[in-house]
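Novice: please find the sequence and the predicted model below.
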Amino acid sequence: MTKQGIVFVWFLFLVFPGIGIASPAGDVHYIDSNGFLSRLKKKEPIYMVDIQKKNDYLRHHFYGALPTGAYPVRSQQDRRKLADIVDDLDNNDNPVVIIGPRGTRAAQRAYLFLVGTGIDPKRLAILKKGIRGWPHPELLLNTYGQ
């Protein structure tokens, strides 16, 4: 996406701050833990966009996840953190999974923001129940060393 496009999306969020905050579940795609685990085991190319706060990311994240620290994806600063990875996502057609703490509102806001930047919604999914609901903690990295 061009810088002008990203600026336009920011403008929309400034003028219409409620865009993307309340979203019916039908507007976004989800992937459950079994489907996500299957993709991980097959080593399919996938972008994992982790929106957790920095300390939460350090406590538990997936190997290869892109840390954005964009949680709770409400402010312009939060959205700027997501905008920083849009060019990486635009470089190919790999699926994108958004990983949030619980896979709810913040993840939905991230999803809708990425759609607004031109990312095809068919490529996007939110990890259902987020990282806190992930049933295989042994597969997560902990860079705190705990």
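Specialist: Good, I have the coordinates.
Novice: show me what secondary structure element comes after the least confident helix or strand in the chain by mean pLDDT.
Specialist: Using mean pLDDT, DSSP states H and E, helix 3-15 stands out as the lowest-scoring helix or strand of the chain, at a mean of 50. As assigned by DSSP states H and E, the chain's next helix or strand after helix 3-15 is strand 30-31.
Novice: how far does that next one sit from its chain's centre?
Specialist: 12 Å (Cα atoms, centre = their mean, to the nearest Å).
Novice: which outside residues touch the helix or strand following it?
Specialist: Sequence-wise, the next helix or strand downstream of strand 30-31 (DSSP H and E) is helix 33-41. Residues from elsewhere that reach helix 33-41, judged by Cβ atoms under 8 Å, 6 or more residues apart in numbering: 31, 46, 62, 95, 97, 127-129, 133-136, 139. (Each C-beta comes from the backbone N, C-alpha and C, glycine too.)
Novice: neighbour count added to the residues you listed, as JSON lines?
Specialist: Shown next, in JSON lines, are those (neighbours: other Cβ atoms under 10 Å):
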{"residue": "31", "neighbour count": "20"}
{"residue": "46", "neighbour count": "19"}
{"residue": "62", "neighbour count": "20"}
{"residue": "95", "neighbour count": "16"}
{"residue": "97", "neighbour count": "24"}
{"residue": "127", "neighbour count": "25"}
{"residue": "128", "neighbour count": "19"}
{"residue": "129", "neighbour count": "17"}
{"residue": "133", "neighbour count": "13"}
{"residue": "134", "neighbour count": "19"}
{"residue": "135", "neighbour count": "9"}
{"residue": "136", "neighbour count": "10"}
{"residue": "139", "neighbour count": "13"}
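Novice: farthest pair in those?
Specialist: Spanning the widest gap among the contacts of helix 33-41 are 95 and 135, at 20.7 Å by Cβ to Cβ.
Novice: one step back: now, which of the contacts of helix 33-41 lie within strands?
Specialist: The strands, defined by DSSP state E, take in 31, 97, 127 from these.
Novice: if I look at the residue sitting nearest the centre point of the chain, how far off is residue 134?
Specialist: Nearest residue to the geometric centre of the chain (Cα atoms, centre = their mean): residue 98, 2.7 Å. Residue 98 sits 14 Å away from residue 134, going by Cβ to Cβ, to the nearest Å.
Novice: understood, closing this out.
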